[in-house]
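In: Return atomic coordinates for the entry below.
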Amino acid sequence: MLFSTTFLVMAVPLAVYAAPLRTTKRQVAAIDVTVLQFANTLEQLESQFYAAGLSKFQDSDFAAAGFTANSIAIQQITNIQSDEATHASILEEELTALGQNPNSTCSFNFDSALTDVTTMAATARVVENLGVMAYLGAASLLTDPQLLEAAGSILTVEARHQTILNVLSGTGTAIPSAFDLALTPSEVLAVASPFFSGTCDLGIPANPTLTVTNTGSVGQGTSLTFSSTAINSSVDTSTLFCQMMLGGNPFSISLPYNQCVVPSTVNGPVAIYVTSDDNPLQSNVVNRASANNILAGPTVAFIDAQPETLGQMVRSSGTGTASASSSTQTISPDVAASIVSAQGSATAAGATATDSTPVSATDSSAAAASTANSVNDSSDPSAPFRDDFTGLAPGNAINVIGWSNIPSN
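Out: Purely as a prediction, here's the structure:
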């Protein structure tokens, strides 16, 4: 009991100091205040974006987007929204403690990003990755060590959010690179400013916004097309170049504007710029800050070239578009056995489940004609109903995504 009492007494001051920013009023450099105001606005954008999405969409909307368990996506997005709201609140408290008035002039409009859950989830990846890029890029600007440490503690959480959203995409790589990208504040605003409604004066000039105009998904081998207010009819695009910045690369990939094809080596987020010459941009944000050839951008795109099993288990379709020739449903052991018996196979007794803990699989009308004859044979790695098998069964007719064991009757 003595230990328990001591622990509870100590828990109160620990909770008080749980947040990274708890300082008294003091003089800080003007650039530090600017960075805090900038970070606070981005946190407001993120928090309000998630709140708007959660308010608009119901369980059925998440199901239509392909999530195998709606509660997983809703729970994670709710947790992310809570973190972003906490970040904004703490940043505002710190600005007030420093004798500054938190910026309250910015409002947002997310209509274009909340047409459906699929669009929201795709936008969330960009928004969250932008937060990582922004904090990483601002690290070199902060002069106060306390603020730098606090910003770092937020950055690591933003990176965790990004990983979760990569998984929820169903098509992305959870951690696509060993290194992240950093953006300058002006570059961050090039991506964020389309969400601003009206004037949002942060004391930082924004780069001209760049938009990828390709319809459908963008991947390796896609020839990219763009639009920007900086690229009007008076600009000779034959003299321009696109630059692709990847995490871990010291310089951007420079390509002619009219031949901007995504290389086969790209996977994960890529920051894309349009420049006036072919001089590669430096990945190091301090060195790139002096670049004078950026005409527009960046814009951030995700090239999902290496989907992972974890994401596919959470989301059966990254696009939310169902195939005309197949459907996803939960099947009982009896149904699984009947599919196999059509081939003269043994029953699928090893794939047992109850209504409360079923086996999930994707089936089609061709399932009975293409299922392999080996069932629950531990020596056969291709056996479609072996109780540790997941993936496409022979013939691609059945995609087993999970198993559940129950006691025998």
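In: can you give me the helices for this protein?
Out: Per DSSP state H, the chain carries helices over the ranges 2-16, 30-56, 59-64, 70-97, 117-138, 145-169, 185-192, 285-288, 309-314, 333-341, 367-370.
In: So which elements touch the second one?
Out: Read it as helix 30-56. helix 70-97, helix 117-138, helix 145-169, helix 185-192 (3 or more CB pairs under 8 Å, 6 or more residues apart in numbering; DSSP states H and E). Yep, even glycine has a C-beta here, placed from its N, CA and C like the rest.
In: how distant is stretch 94-114 from the center of its chain?
Out: Distance, stretch centre to chain centre, for stretch 94-114: 22 Å (CA atoms, centre = their mean, to the nearest Å).
In: And that stretch, what's buried?
Out: By neighbour count with 16 or more other CB atoms under 10 Å, stretch 94-114 contains the buried residues 94-95, 98, 100, 102-103, 106, 108, 110, 113-114.
In: can you tell me which two in those residues are farthest apart?
Out: Longest distance between any two of those is 34.6 Å, between Leu98 and Leu114; criterion CB to CB.
In: State the distance from Thr78 to Leu181.
Out: For Thr78, the distance to Leu181 equals 27 Å [CB to CB, to the nearest Å].
In: Who has more neighbours out of those two?
Out: Legend: neighbour count by other CB atoms under 10 Å for Thr78 and Leu181, higher for Leu181 (24 against 13).
In: Surely that one touches Ile272?
Out: No: with contact defined as CB atoms under 8 Å, Leu181 does not count as touching Ile272 (11.3 Å).
In: For burial, what's the neighbour tally of Thr119?
Out: Count around Thr119 with other CB under 10 Å applied: 15.
In: do the same with the one 4 residues further on
Out: Close neighbours of Thr123, defined as other CB under 10 Å, add up to 19.
In: For the closest residue in space to it that isn't next to it in sequence, give me its contacts.
Out: Computed as CB to CB, 6 or more residues apart in numbering, the closest residue to Thr123 that is not its neighbour in sequence is Ala113, at 4.0 Å. The neighbourhood of Ala113, defined by CB atoms under 8 Å, 6 or more residues apart in numbering, consists of 49, 119-120, 123, 195.
In: Now render the helices of the chain as CSV, adding mean pLDDT and distance to Ile253.
Out: Shown next, in CSV, are the helices of the chain (pLDDT from 0 to 100; distance: least, CB to CB, whole Å):
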stretch, mean pLDDT, distance to Ile253
helix 2-16, 38, 48
helix 30-56, 96, 27
helix 59-64, 95, 36
helix 70-97, 96, 31
helix 117-138, 97, 18
helix 145-169, 96, 22
helix 185-192, 96, 17
helix 285-288, 93, 14
helix 309-314, 93, 26
helix 333-341, 61, 48
helix 367-370, 38, 42
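In: Take these and write them to TSV, including distance to Gly248.
Out: Formatted as TSV, the helices of the chain follow (distance: least, CB to CB, whole Å):
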stretch	distance to Gly248
helix 2-16	38
helix 30-56	24
helix 59-64	33
helix 70-97	25
helix 117-138	13
helix 145-169	15
helix 185-192	18
helix 285-288	14
helix 309-314	21
helix 333-341	44
helix 367-370	42
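In: So which of the ones you listed is nearest Leu295?
Out: It's helix 185-192; of the helices of the chain, that one is closest to Leu295 (CB to CB) at 11.1 Å.
In: related to what we said a few turns ago, could you say which one of the helices of the chain comes nearest to Gln220?
Out: Here helix 145-169 is closest among those (CB to CB), at 16.4 Å.
In: So which elements touch the closest one?
Out: helix 30-56, helix 70-97, helix 117-138, helix 309-314.
In: Return the set of buried residues in it.
Out: For helix 145-169, by 16+ other CB under 10 Å, it's 146-148, 150-151, 154-155, 157-159, 161-162, 164-169.
In: Beta-bridge partners for Ser254, please?
Out: Judged by DSSP bridges, the bridge partners of Ser254 are Gln243.
In: Not counting sequence-adjacent ones, nearest residue to the residue nearest in space to the middle of the chain?
Out: For the chain, the residue nearest the mean C-alpha position is Arg125 (2.6 Å; CA atoms, centre = their mean). Nearest non-adjacent residue to Arg125, counting by CB to CB, 6+ apart: Leu165, 4.8 Å away.
In: Quick check: pLDDT value at Thr371.
Out: In the predicted model, Thr371 carries a pLDDT score of 39.
In: ok, now the one 3 residues further on?
Out: Model confidence at Ser374, expressed as pLDDT, equals 43.
In: still on that earlier bit, among the contacts of Ala113, which one sits closest to Thr265?
Out: Checking the contacts of Ala113 against Thr265 by CB to CB gives Thr123 as the nearest, at 25.6 Å.
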